[in-house]
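Chemist: Here is a sequence together with a model predicted from it:
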Amino acid sequence: MREISIAHSPDSDDAFMFYALANNIFDTGDLTFSHTLKDIETLNKEAMVGTYDVSAISIHAYPQLADKYILMPTGSSMGDKYGPMIVSEKDLSEEDLNALTIAVPGELTTALLSMRIYNPKLKYEFVPFDQIIPQIKAGKYDAGLIIHEGQLTYAEEGLNKIIDMGEWWFKETGLPLPLGGNVIRRDLGDKLMHTVSDFIKRSIQYSIDHREQALEYALKFAGDMDPKLADKFVGMYVNHWTLDYGEVGRKAIRTLLDRGVKEGIIKNKVEVEFLD
């Protein structure tokens, strides 16, 4: 038996995606799959040294690990006119943000990349993603850039949306905002890479086809989130984009990274490669 190590975020959308593989729903032949759950910024950094065979990453991080990994056609998280957003307890305008220090998630998150493209002059400090809303409410920051389920729960916390980066990006480019993807180690070889990719796509399709049972499993990773909101969140980030980027999704990734290079945020321009 050959073990394939998979690492992804401990969030309901990723849990939904990997439901079938994590629970041995279908036969994977002589392959077994181990699952490691860590926050996305940790996964970005571990992918730079090739820790796992397959890993979820932020698209922002891809240029720094493209020597070891190739993007899989499946497993994407695309913000289709929605995405990370800047929120505040105060009723602020976009112009007001220029005078603030914004709490943001990890350095390599696509959320931060999109915010820096949107307004390169914004000042920010890094805060663990799950502490951004609590620190805003505690008064440490006037605004924060939120990701994951916080995009659906911020209003319940008494926060106001100032700008949604996915909405802004669509108005700017006409494209979805490519937030995250799955990568696979190049040194596995072409045959094994394709076999693993096919199994992951099959797992995603299984969850989409058996939504109720996959969602029941995914709710274990949604914290105290209302099941209806968790269902909505999963639907936002596990859908047709997740099965395959398609030409539009591929264009979105190249456009985002090119803009990052143009703005001087990404230093090493690379050719974006997909396992096809």
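Modeler: Received, thanks. As the structure is a prediction and not an experimental result, all values here were calculated from the model. Residues are numbered from 1 along each chain as shown.
Chemist: could you pull out the helices for this protein?
Modeler: Per DSSP state H, the chain carries helices over the ranges 12-17, 19-22, 40-48, 110-118, 132-137, 150-153, 165-173, 190-209, 211-218, 227-237, 240-243, 246-262.
Chemist: most tightly surrounded among those helices?
Modeler: helix 12-17 (a mean of 27; mean count of other C-beta atoms under 10 Å). For every residue, glycine as well, the C-beta is placed using N, CA and C.
Chemist: so where's the protein uncertain?
Modeler: Counting by pLDDT under 70, not a single residue of the chain qualifies.
Chemist: Give me the domain ranges for it.
Modeler: Following automatic domain parsing, one finds the domains of the chain at 2-78+176-262, 85-173.
Chemist: Pull out the buried residues from stretch 29-37.
Modeler: Phe33, Leu37 (16 or more other C-beta atoms under 10 Å).
Chemist: neighbouring contacts of it?
Modeler: 1-10, 14, 18, 21-22, 52, 195-196, 199 (C-beta atoms under 8 Å, 6 or more residues apart in numbering).
Chemist: and if you look at stretch 10-25?
Modeler: Stretch 10-25 has contacts (C-beta under 8 Å, 6+ apart) with 6, 8, 26, 28, 33, 35, 37-39, 56, 75, 77, 148-149, 199-200, 202-204, 206-207, 213-215, 217-222, 225, 230, 233-234, 236-238, 242.
Chemist: at 6 Å what do you get?
Modeler: Contacts to stretch 10-25, defined as C-beta atoms under 6 Å, 6 or more residues apart in numbering, come from residues 8, 33, 35, 37, 148, 203-204, 206-207, 214, 217-218, 221-222, 230, 234, 237-238.
Chemist: right, and the helices of the chain - which one's nearest Leu275?
Modeler: helix 190-209 (5.7 Å; C-beta to C-beta).
Chemist: could you say what helices and strands that closest one packs with?
Modeler: In this structure, helix 190-209 packs against helix 19-22, with contacts taken as 3 or more C-beta pairs under 6 Å, 6 or more residues apart in numbering; DSSP states H and E.
Chemist: ok, 8 Å please
Modeler: Under the contact criterion of 3 or more C-beta pairs under 8 Å, 6 or more residues apart in numbering; DSSP states H and E, helix 190-209 touches strand 2-8, helix 12-17, helix 19-22, strand 31-37, strand 177-185, helix 211-218, helix 240-243.
Chemist: okay, that helix in CSV with CA atoms only?
Modeler: Taking C-alpha atoms only, helix 190-209 is exported to CSV below (Å, rounded to 0.1, in the frame of the first residue of the first chain):
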residue,chain,number,x,y,z
ASP,A,190,2.8,11.8,-13.8
LYS,A,191,0.9,8.6,-13.4
LEU,A,192,0.5,8.8,-9.6
MET,A,193,-0.3,12.5,-9.8
HIS,A,194,-3.2,11.8,-12.2
THR,A,195,-4.5,8.9,-10.2
VAL,A,196,-4.5,10.9,-6.9
SER,A,197,-6.1,13.9,-8.7
ASP,A,198,-8.9,11.6,-10.1
PHE,A,199,-9.6,10.2,-6.6
ILE,A,200,-9.9,13.7,-5.2
LYS,A,201,-12.2,14.8,-8.0
ARG,A,202,-14.3,11.7,-7.3
SER,A,203,-14.5,12.6,-3.6
ILE,A,204,-15.7,16.1,-4.5
GLN,A,205,-18.3,14.8,-6.9
TYR,A,206,-19.5,12.2,-4.3
SER,A,207,-20.1,15.0,-1.8
ILE,A,208,-22.0,17.1,-4.3
ASP,A,209,-24.1,14.0,-5.2
